[in-house]
Each structure stands twice: as C-alpha cells, then as structure tokens.
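K.L.:
Quick one, what's the 3D model for this:
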Amino acid sequence: MGIVNVTPDSFFPGSRAASAAEAIERGRRFFGEGADVVDVGGESTRPGATPVAVSEELRRVLETVSVLAREGTVSIDTQKEPVARAAFDAGATILNDVSGTLAEVAGELGRDYVAMHRKGNAADMQLDPHYDDVVVEVSDYLEDLARRARRAGVGRLWFDPGIGFGKTLEHNLELLGALEHFVALAARYDAEVLVGTSRKRFLEFVGAPGDAVESRLEASLATAAWCVLKGASMVRVHDVAATVALREILARPLERVGA
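P.N.:
Got it, this is the predicted structure:
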C-alpha cells in the first residue's frame, strides 16, 4: 500500500503532494512500481496534527481518488464519514480508518475496511500512552471492531495494530513481536493483517537519537520484512519500489551455496 498524502503537514515531507496533479503523478508512479493499493489521504494523522474541515479534505482528495481509481485499487485514509462516502462514489474501494468509527459506513456500501487501533487522538495520543498489557488491549479493541465490521457487512477486512498511534517505543516493539498472534486473531474473522511502520519516529531506536525521517529507509525495510515474514498480508509504505523489491527477495526460495 503506497502512501499519497495530499497535505502540507504529513510527518514525512517526501509523502506530501501540494496539488492533485502531483498526487496523481505519485500514485501512478506507485502503481507502476508495483503497489497493490494506493492510499490517498487529505488530513495528516501524525501526533499534534491540526484537524482539517470536511470541505478542505474533500477538495484535496476527490480528484486524486477519481483519477487513480481508474488505474488501480485506491483506499481513502479518512476519519470523516462525508469524505469516506464521497471517495467511495469517486471510485475508492477500501476505507483506511484510523479512528475506528466508520466500519458501518464501509459495511453499508459493501466496501473493504482497515480496522486500526489508536489510543487517543492526534492531539494527545503520544503525550503519555499507558497500557497494562498492550497486546491484550489492542487485541480486544480490534476484535470488537471486527465484530462490528462483520455485522455491518464489510468486504475484505484487515487488522492494523496501529504502530505509533498512542504507543511508546516499547509498545510498538511488543506489538511487532506479537504479529503472529494478530495474524491468528484476524483469521478468526476471515481477516488479514496490515502494518504501517514506514519512516515512523520509533525507528530512531536503530540509529542515533534525533535521526531525521529521511534516514529511516533501511529501518523501514527491515520492519516491513519482519511483518511479511510473520504473516502480514500488506504493509503501508512511503517507498514503494524498494519495498516491492524486498517482497520479491523474500518470495525467492533460499538456494544452497556450494556443492
């Protein structure tokens, strides 16, 4: 899943598109590089992001969704029902919902749905997140959301543990370490697992503190490889060509070296 942000403030500058024309060009490039899905968003969900009005979000995303949906599978990354409905009308087929509030909208229209865990909202989720047991609490939340989604009639369903959304470094690593658990849990609901680690701040732990987002490609690829090997069916990424190459490497059988 390649990320196209029609925003001025998403956390990775390389993902920002200043216009529909730029976003469309990036989405087409992602499809050409092998992305299975292009995820279009018009409102940053990074910690501390400023909310965007419905009218502004619609202005940012609809042309991009409409054009790209004629060329491949498009998901809409939104927390707002009017934006989700308009994007579906424009051709999007997946709702990537960080708020966990829109399962019924996707179900009503028979669309696919990404059920993601987030603790808090953009304003407060990283202030001091606490869990007694992060794996148990995220699992319970996703199961409840999955039951709602299935009752509502969604099509294809993904569980996303929400790396970086109301989690500390330790929480993120615990969730990544439990991916096989989440894959098994999702299977109970005929669902799959999607993970987004790409370029996120917690990846600084592999380098010097304060490492810039531009320096996190290798760590992003390493965590993507981990997710794929542990059973995730999709990873949400900023760097499509590099991740597709990684996927192809992981799919090759290991060859014996020597006689």
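K.L.:
what residue ranges in the stretch 151-259 of the chain are flagged as low confidence?
P.N.:
For the stretch 151-259 of the chain, the stretches with pLDDT under 70 are 206-211, 254-259.
K.L.:
now the helices for it?
P.N.:
For the stretch 151-259 of the chain, the helices defined by DSSP state H, counting those that start in this stretch cover 169-177, 179-187, 217-229, 240-251.
K.L.:
can you redo the ones you listed as CSV with mean neighbour count?
P.N.:
Glycine gets a C-beta too; all of them are placed from N, C-alpha and C. Output for the helices of the stretch 151-259 of the chain, formatted as CSV (neighbours: other CB atoms under 10 Å):
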stretch, mean neighbour count
helix 169-177, 18
helix 179-187, 18
helix 217-229, 18
helix 240-251, 15
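K.L.:
For the residue lying closest to Phe165 once chain neighbours are set aside, give me its contacts.
P.N.:
Nearest-residue entry for Phe165: Arg118, 4.0 Å, with adjacent residues in sequence omitted and distances by CB to CB, 6 or more residues apart in numbering. Listed by CB atoms under 8 Å, 6 or more residues apart in numbering, the contact set of Arg118 reads 98-100, 125, 162, 165-166.
K.L.:
one more time with 6 Å, if that's ok
P.N.:
The contact partners of Arg118, by CB atoms under 6 Å, 6 or more residues apart in numbering, come to 98, 162, 165-166.
K.L.:
For Val134, which of the helices of the stretch 151-259 of the chain is the nearest?
P.N.:
Closest approach to Val134 among those (CB to CB): helix 169-177, 4.6 Å.
K.L.:
Contacts for the closest one next, please.
P.N.:
Outside of helix 169-177, the residues within contact range by CB under 6 Å, 6+ apart are 134-135, 161, 163, 202, 205.
K.L.:
Adding distance to Leu145 and neighbour count, write these out as a markdown table.
P.N.:
Putting the contacts of helix 169-177 into a markdown table (distance: CB to CB, whole Å; neighbours: other CB atoms under 10 Å) gives the following:
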| residue | distance to Leu145 | neighbour count |
| --- | --- | --- |
| Val134 | 16 | 23 |
| Val135 | 16 | 17 |
| Pro161 | 12 | 28 |
| Ile163 | 16 | 23 |
| Phe202 | 23 | 20 |
| Phe205 | 29 | 13 |
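K.L.:
These: which two are farthest apart?
P.N.:
Within the contacts of helix 169-177, two members stand farthest from each other by CB to CB: Val135 and Phe205, at 18.9 Å.
K.L.:
which stretches of this protein form strands?
P.N.:
2-5, 37-41, 73-77, 94-97, 112-116, 157-160, 192-195, 234-235 (DSSP state E).
K.L.:
and the ones you listed as a markdown table, adding distance to Ile24 and mean neighbour count?
P.N.:
A markdown table is the format used below for the strands of the chain (distance: least, CB to CB, whole Å; neighbours: other CB atoms under 10 Å):
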| stretch | distance to Ile24 | mean neighbour count |
| --- | --- | --- |
| strand 2-5 | 9 | 28 |
| strand 37-41 | 10 | 27 |
| strand 73-77 | 11 | 26 |
| strand 94-97 | 18 | 28 |
| strand 112-116 | 22 | 27 |
| strand 157-160 | 25 | 26 |
| strand 192-195 | 24 | 24 |
| strand 234-235 | 22 | 20 |
